[in-house]
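Student: after the sequence you'll find the predicted model.
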Amino acid sequence: MQQSQSPPPARGTLWNKALSQTLPITLGYVPVGMAYGVLAGKAGLSAVNVLLMSVLVYAGSAQLVAVGLFAAGASGAAIVATTVAVNLRHVLFSAAMAPLLSGWRKRELAAFAFELTDESFALHAARFGRGDRGKELTLSINVLAQASWVAGTALGVALGDVLGDGRAFALDFALPGMFLALLAGQVGSRSQVAAAVVGAGLSLAACGLGITGFGALAAGLAGAGCGLGVEKWMTRRHL
């Protein structure tokens, strides 16, 4: 039996609610987007191409990696292959989200998938877990998140000469700080703590060994497996 869905909220209320939920992401995206805009401009990309990359690609880590490879003179094939490896974690995102979006139409799924990022995935996973699966709110959150990334990119392009390479402003800390804020709101049970600790620990270890794309994917799978194992163990204890 399908659960009845409440009518969609009024447009103004919808965007206000989306904005309040997207605020932690926005606070991270604007400064990191600025850093990307600065670095891309200094790598030799035109302002139009820098902005188009944020509009059409919209993948922060992939964009930063691509800019670094472009500045180093890497070939197009090398840039594509490397960014695909960096974004392999999206395989995990799709596996987690697919059962929760089974009733969506294909064009809605396409719009959702295009704007899904690490941060919006974390936000939606927490929302869906609470039963908050409103389609319009979900898509509105994604739109606002990308708008903040594009706005940050535009600021970086406009203020590139003033910001230098952006390191003096500690912009590289904004994204990890935002992830920690999102994680803190989701970790509530022992299984979630175990998944977070194991996944983070293995990811840091892989990073220290120079394994980034595949390392993050393996760490995520191991963390999820550990969390599942703890959950099953706790369930058996209470039987």
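Tutor: Right, received. Where do you want to start? Numbering: from 1, shown residues only.
Student: where does Gly73 sit: helix, strand or coil?
Tutor: Of the three states, Gly73 takes coil under DSSP: H, G, I helix; E, B strand; the rest coil.
Student: got the contact list for it?
Tutor: For Gly73, no contacting residues are found, by C-beta atoms under 8 Å, 6 or more residues apart in numbering. For the C-beta atoms, the positions are set from N, CA and C on the backbone; glycine is no exception.
Student: Tyr58 too?
Tutor: 114-115, 117, 146, 149.
Student: looking at these, which is nearest Val30?
Tutor: Nearest to Val30 among these, counting by C-beta to C-beta, is Trp149 at 7.9 Å.
Student: show me where this protein dips below the pLDDT cut-off.
Tutor: Residue ranges of the chain with pLDDT under 70: 1-11, 163-186, 188, 212-214, 238-239.
Student: could you point out which element follows the lengthiest helix in it?
Tutor: Counting by DSSP state H, the longest helix found in the chain is helix 11-42. Using DSSP states H and E, the helix or strand that follows helix 11-42 in sequence is helix 47-56.
Student: what residues of that following helix count as buried?
Tutor: 50-51, 53-54 (16 or more other C-beta atoms under 10 Å).
Student: where do the helices sit along this protein?
Tutor: 11-42, 47-56, 60-71, 76-86, 90-97, 106-114, 118-129, 135-158, 160-163, 174-184, 190-208, 213-237.
Student: in the third one, what counts as buried?
Tutor: Of the residues in helix 60-71, those buried by neighbour count under the rule 16+ other C-beta under 10 Å are 60-67, 69-70.
Student: what sits against Asn142?
Tutor: When contacts are counted by C-beta under 8 Å, 6+ apart, Asn142 is found next to 111-112, 115-116, 120.
Student: and those residues, which is closest to Asn16?
Tutor: Nearest to Asn16 among those: Ser120, at 18.0 Å, using C-beta to C-beta.
Student: so what's that closest one closest to, chain neighbours aside?
Tutor: Using C-beta to C-beta, 6 or more residues apart in numbering and skipping residues adjacent in sequence, the residue nearest Ser120 is Ala145, 5.2 Å away.
Student: how about Leu109?
Tutor: Per C-beta to C-beta, 6+ apart, closest to Leu109 is Leu101, 6.2 Å.
Student: how many residues are close by the one you found?
Tutor: Other residues lying near Leu101 total 17 when counted by other C-beta atoms under 10 Å.
Student: swap in the one 3 residues further on?
Tutor: The tally of other residues near Trp104 (other C-beta under 10 Å) stands at 15.
Student: hmm, Ala154 is touching Val38, no?
Tutor: No. Taking contacts as C-beta atoms under 8 Å, Ala154 lies outside contact range of Val38: 11.5 Å.
Student: quick one, what contacts Gln64?
Tutor: Quick fix: residue 64 is Leu, not Gln. For Leu64, the contacting residues are 35-36, 39, by C-beta under 8 Å, 6+ apart.
Student: related to what we said a few turns ago, and the contacts of Tyr58, which of them are buried?
Tutor: 115, 117, 146, 149.
Student: measure the residue nearest to the spatial centre of the chain to Gly12 for me?
Tutor: Centroid-nearest residue in the chain: Asp118, 2.0 Å away (criterion: C-alpha atoms, centre = their mean). Distance from Asp118 to Gly12, counting by C-beta to C-beta, to the nearest Å: 29 Å.
Student: next one: Val230
Tutor: Look at Val230 and Gly12: by C-beta to C-beta, they are 43 Å apart.
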